[in-house]
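[1] give me a model of this one.
(one chain, ligands or ions: 1)
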Amino acid sequence: MSAYVTKLNTVRTTPILNVKDESPTVKTYTLHDNLCAKAKPGQFLMLWIPGIDEIPLSILNTGNGQVQFSVKAVGDATRHLHKMRTGDRLGVRGPFGTNFTESRGRVLLVGGGTGTAPLLFLAKRLAVKADRLSFIVGAKTKNELIYLDQLDPLCTDESAISTTEDGSYGLQCLATEPIDKLVDRQKFNMIYTCGPERMVRKI
Ligand SMILES: Cc1cc2nc3c(=O)[nH]c(=O)nc-3n(C[C@H](O)[C@H](O)[C@H](O)COP(=O)(O)OP(=O)(O)OC[C@H]3O[C@@H](n4cnc5c(N)ncnc54)[C@H](O)[C@@H]3O)c2cc1C
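    Residues are numbered from 1 along each chain as shown. From the prediction side, this is the model:
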């Protein structure tokens, strides 16, 4: 194993620098970690929640030696993490995984739930490369839609298309539905997606 791979695999403990509420069930955490701060969109880190578990999380953003990720409280580890505060210590390993290929031309990104996190990271990189960027973001209901304020300025021509299953915000449909109309109107060089498996399979 190379020295670099050994470094990636070694747990680094670091304090939580900031916690931000994205929705009633999703929080975004900022940590200092020089290795994860070099991650590319699509990569993930392994987060050690001391005494509880180690879980994979997609990287949401990097910069100034810091890394951000968003976490939805669903089970033991994620609920425990949601109770932690600024200054509490966590362990990180990574970054791991294959990053997205960054396409030029016309691109469409379709995110569902916390699957939107790696796509927001990607969209920030593509905004300076792609000719045209469209984003569809879907959730069950309005207060589960995340990152809307950040997505809109990245889209060309029109704002991000939001969908909710209960119709409480944006279009009342699944995130997959607006795709047909968009694809009829224009050709995309690349469509990126991340979210629930059923959504990804359909796209
Ligand atoms: C590459 C990758 C990237 C990811 N990125 C993100 C991300 O950016 N953000 C994010 O929030 N998540 C992400 N995840 C998912 C995240 O890793 C999981 O949500 C996390 O591991 C759940 O851990 P937990 O201990 O909180 O939940 P667990 O306790 O493992 O529970 C997970 C789910 O299983 C159910 N469950 C638990 N125990 C049982 C049981 N005994 N019987 C039946 N059901 C049960 C729970 O109700 C819950 O719905 C990612 C996963 C992968 C693989």
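
[2] hey, let's count contacts and neighbours off CA atoms from now on
    Noted.

[3] helices of this structure, start to end?
    Counting by DSSP state H, one finds helices in the chain at the ranges 3-9, 76-82, 116-126, 148-151, 177-185, 197-202.

[4] of those helices, flag the one that's most buried.
    helix 116-126 (a mean of 23; mean count of other CA atoms under 10 Å).

[5] distance to the ligand and mean pLDDT added to the helices of the chain, as CSV?
    CSV is the format used below for the helices of the chain (distance: least, CA to the nearest ligand atom, whole Å; pLDDT from 0 to 100):
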stretch, distance to the ligand, mean pLDDT
helix 3-9, 16, 93
helix 76-82, 4, 98
helix 116-126, 6, 97
helix 148-151, 16, 94
helix 177-185, 23, 90
helix 197-202, 11, 94
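
[6] would you tell me which residues of the chain are close to the ligand?
    Taking CA under 6 Å from any ligand atom as the contact definition, the chain meets the ligand at 44, 55-58, 69-72, 74-79, 114, 117.

[7] mind giving me the domain split of the chain?
    Under the assignment automatic domain parsing, the domains of the chain span 3-95, 106-202.

[8] which of those domains has the lowest average pLDDT?
    Here the lowest mean pLDDT among these goes to domain 106-202, at a mean of 94.

[9] so how far is the first residue of that domain from its last?
    For domain 106-202, the first-to-last residue distance is 21 Å (CA to CA, to the nearest Å).

[10] burial count for the spatially closest residue to residue 194 that is not a sequence neighbour?
    Among residues not flanking residue 194 along the chain, residue 115 sits closest, at 4.8 Å (CA to CA, 6 or more residues apart in numbering). Residues lying near residue 115 (other CA atoms under 10 Å) number 19.

[11] again with residue 83
    8.

[12] likewise for residue 91?
    Count around residue 91 with other CA under 10 Å applied: 18.

[13] and it, how far from residue 185?
    For residue 91 relative to residue 185 (CA to CA), the value is 47 Å.
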